[in-house]
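# Have a look; sequence and predicted model below, questions after that.
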Amino acid sequence: MPSAATTSVRILIGALTVIVGVTYKNYRDLSLPGKRPDLDSNEYWGPKLEKAYKENIAVLPYDISVAPELIADLKTQLDRPLKLQEPLEGVGFEYGFNANELKKVVKYWRESYLTKWNEREQFLKKFNHFQTEIQGLKIHFIHVKPNKAEGKKVVPLLLMHGWPGSVREFYELLPLLTTGNDKSDYVFEVIAPSLPGYGWSQSAARPGFGAAQVSVVMRNLMLRLGFNKFLVQGGDWGSLIGSNLAALFPDNVLGYHSNVCGNMSPLANLRMLFASFLPSFYIDSQYAHFYKGVGHLFRTIMEEMGYAHIQATKPDTIGSALAHNPVGLAAYIIEKFSTWTNEEYRTLPDGGLTKRFSYDQLLDNIMVYYVTNSITTSVRLYAETMNSSQMGLNLDSVPIYAPVGCARFLHEITHAPDSVLANKFRNLVHSTHYNEGGHFPAFEVPQQLYEDFVAYVKKAFA
């Protein structure tokens, strides 16, 4: 008869075997690829119709000229006395936009920027703008064809922005992408759309239009323009929409490059947690300073993500507060170009805004939101994406087999290591880290982003 000790050992071994088996099964289940959802590629998102919908497939030049009376009204609003509270002593941007810096921005807007509005408007018109109707929505886009393309391979590229950006982010990057040079065998024909609800693109008329549905519209836009296969590049919302597009339509996407690669699948979240406690198993030591762990992420969420919560729950409230309220709109949006460019800038009285950007650049972007009255419709994308319906699509678990490139700029809000991305991006051919730059690299360090992109393309097409 076995001794009590022997029996205890057998029970312990049996229990450990069960635990290991269950753990392995759960891990294997988490590792299984998700099923690609079947989204309706023709779903109508426009205003309610009295008769059957017939899509207008015309692609027409689009004039982004602003009505003079709108500019005159803006000047009138900016002429009003500012009734701002003085910032607390010794406080920079920790409490939000510093009132003293906001006074400087508004003064520049009123006395310098608007006095040369004709010049700024012509600058915004420097590329060819178009509009076409997709699934009931009038979609605006910039289309730049390549030049100096002799001897180069021309590749179509869908280039997508996020919030609180616009197509203005790409004005410094577009000439680099579309002009042949000695640094690359490739040159790009670029389509840079205003996302639906942003800028000059129409917003959906009913709920349910999240990032997954936007990716369908973006794919249909490229098909409309004759591009059956194309590259995708994006940051912020453009990153999520781009990865959705690559997951949903693998036959159309030649490759995907992002400066905000992410993965929110259950397995990725588990690995991210482990990486915080056992970083040496998941992160290359030379890039350890990019990955600051769960504690830093939690602090960032508490300090920097309040905007996302209100936009995901009450987008029309914040939108109504900012619509045709130029000073409020500027404060709300431009603040992100401080702390999202470098979190250390929040301690500076001017938010470090002009360390990376000019007032003209920042106000160009504000004007896109202001003259199109698109702040409310832009922030609705948060509510339409951060919900159980969108999460139920489980797109982060759908693997992407197209070649992927991930560029990480040090001062981005957060980063995901390759180990966390692996179950989603099955063909990660390019992974880089840069000690300069933040959330808006196309705006901030366009040359670096361009060089990273062409380095990725060379690997993707090798």
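Happy to help now that I have it.
# From here on, just use CA atoms for contacts and neighbour counts.
OK.
# can you pull out the strands in this protein?
59-61, 129-134, 137-144, 153-160, 186-193, 230-234, 253-258, 404-409, 428-434 (DSSP state E).
# and the fourth one, average pLDDT?
In this model, strand 153-160 has a mean pLDDT of 98.
# chain center to it, what's the gap?
What separates the centre of strand 153-160 from the centre of its chain is 17 Å, taken as CA atoms, centre = their mean, to the nearest Å.
# what comes up buried for it?
154-160 (16 or more other CA atoms under 10 Å).
# Run through who's touching that strand.
Contact with strand 153-160 is made by 146, 167, 185-195, 222, 227, 229-235, 237-239, 242, as judged by CA atoms under 8 Å, 6 or more residues apart in numbering.
# Same list (the strands of the chain) but as a markdown table, adding distance to residue 43.
Output for the strands of the chain, formatted as a markdown table (distance: least, CA to CA, whole Å):
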| stretch | distance to residue 43 |
| --- | --- |
| strand 59-61 | 20 |
| strand 129-134 | 10 |
| strand 137-144 | 11 |
| strand 153-160 | 21 |
| strand 186-193 | 19 |
| strand 230-234 | 22 |
| strand 253-258 | 21 |
| strand 404-409 | 29 |
| strand 428-434 | 32 |
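# For residue 36, find the nearest of those strands.
strand 253-258 (15.1 Å; CA to CA).
# OK, contacts around the residue nearest the centre of the chain?
Residue closest to the average C-alpha location in the chain (CA atoms, centre = their mean): residue 236, at 1.6 Å. Residue 236 makes contacts with 161-163, 260, 439, as judged by CA under 8 Å, 6+ apart.
# try 10 Å this time
The neighbours of residue 236, taking CA atoms under 10 Å, 6 or more residues apart in numbering as the test, are 160-165, 242, 258-262, 439-440.
# low pLDDT regions in this protein?
1-31, 280 (pLDDT under 70).
# of the contacts of strand 153-160, buried ones?
146, 167, 186-195, 222, 227, 229-235, 237-239, 242.
# Kindly tell me how buried residue 370 is, as a neighbour count.
22 (other CA atoms under 10 Å).
# For it, which residues are in contact?
Residue 370 neighbours (CA under 10 Å, 6+ apart): 70, 74, 199, 322-326, 329-330, 363-364.
# ok, so of those residues, who is nearest residue 130?
For those, the nearest to residue 130 is residue 199 (12.7 Å; CA to CA).
# Out of the contacts of residue 236, give me the one that has the most neighbours.
residue 242 (31 neighbours).
# Thought residue 217 was touching that residue, still the case?
No - the criterion here is CA atoms under 10 Å, and residue 242 misses it with residue 217 at 11.4 Å.
# Overlap of the contact sets of the two?
Shared contacts of residue 242 and residue 217, counting by CA under 10 Å, 6+ apart, come down to residue 211.
# Dump the contacts of residue 370 to TSV, plus neighbour count.
Formatted as TSV, these follow (neighbours: other CA atoms under 10 Å):
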residue	neighbour count
70	12
74	19
199	30
322	21
323	18
324	20
325	15
326	19
329	20
330	22
363	21
364	21
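# Just those residues: which are in helices?
70, 74, 322, 326, 329-330, 363-364 (DSSP state H).
# Let me have those in TSV, extended by distance to residue 454.
TSV is the format used below for the ones in helices among the contacts of residue 370 (distance: CA to CA, whole Å):
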residue	distance to residue 454
70	41
74	41
322	39
326	38
329	35
330	34
363	30
364	27
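# Show me where the stretch 101-250 of the chain has its helices.
117-124, 174-178, 211-224, 237-248 (DSSP state H, counting those that start in this stretch).
# now what about the first one, what contacts it?
Think helix 117-124. Looking at what lies outside helix 117-124 - CA under 10 Å, 6+ apart - the contacts are 64-66, 71, 109, 113-114, 125-126, 167-168, 171, 360-361, 363-365, 367-368.
# Buried subset of the residues you listed as a PyMOL selection?
Buried members of the contacts of helix 117-124, defined by 16+ other CA under 10 Å, are picked up in PyMOL with:
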select buried, resi 64+109+113+114+167+168+171+363+364+365+367+368
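# residues touching residue 87, list them.
93, 95-101, 349.
# same thing but at 7 Å, please
98-99 (CA atoms under 7 Å, 6 or more residues apart in numbering).
# again, but for residue 362
Applying CA under 7 Å, 6+ apart, the residues contacting residue 362 are residue 334.
# how close does it get to residue 332?
Using CA to CA, to the nearest Å, residue 362 is found at 12 Å from residue 332.
# Kindly format the C-alpha coordinates of stretch 264-273 as CSV.
Extracted in CSV, the C-alpha atoms of stretch 264-273 (Å, rounded to 0.1, in the frame of the first residue of the first chain):
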residue,chain,number,x,y,z
MET,A,264,-5.4,44.2,-28.9
SER,A,265,-6.2,40.5,-29.3
PRO,A,266,-6.5,38.5,-26.0
LEU,A,267,-3.1,36.8,-26.6
ALA,A,268,-1.4,40.1,-27.4
ASN,A,269,-2.8,41.7,-24.2
LEU,A,270,-1.5,38.7,-22.2
ARG,A,271,2.0,39.0,-23.8
MET,A,272,2.0,42.8,-23.1
LEU,A,273,1.3,42.1,-19.4
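# Can you report phi and psi for the closest residue to residue 42 other than its chain neighbours?
In this structure, residue 42 finds its nearest non-sequential neighbour in residue 135, 5.9 Å apart by CA to CA, 6 or more residues apart in numbering. The phi/psi pair for residue 135 (degrees, to the nearest 10) reads phi 50, psi 40.
# show me the contacts for residue 135.
42-45.
# And the helices in the stretch 301-450 of the chain?
Under DSSP H, counting those that start in this stretch, the stretch 301-450 of the chain gives helices at 306-313, 315-322, 326-334, 336-339, 353-356, 359-372, 375-385, 388-391, 418-421, 441-444, 446-460.
# and of those helices, who's closest to residue 281?
helix 418-421 (9.2 Å).
# Show me what that closest one is packed against.
helix 266-277 (3 or more CA pairs under 7 Å, 6 or more residues apart in numbering; DSSP states H and E).
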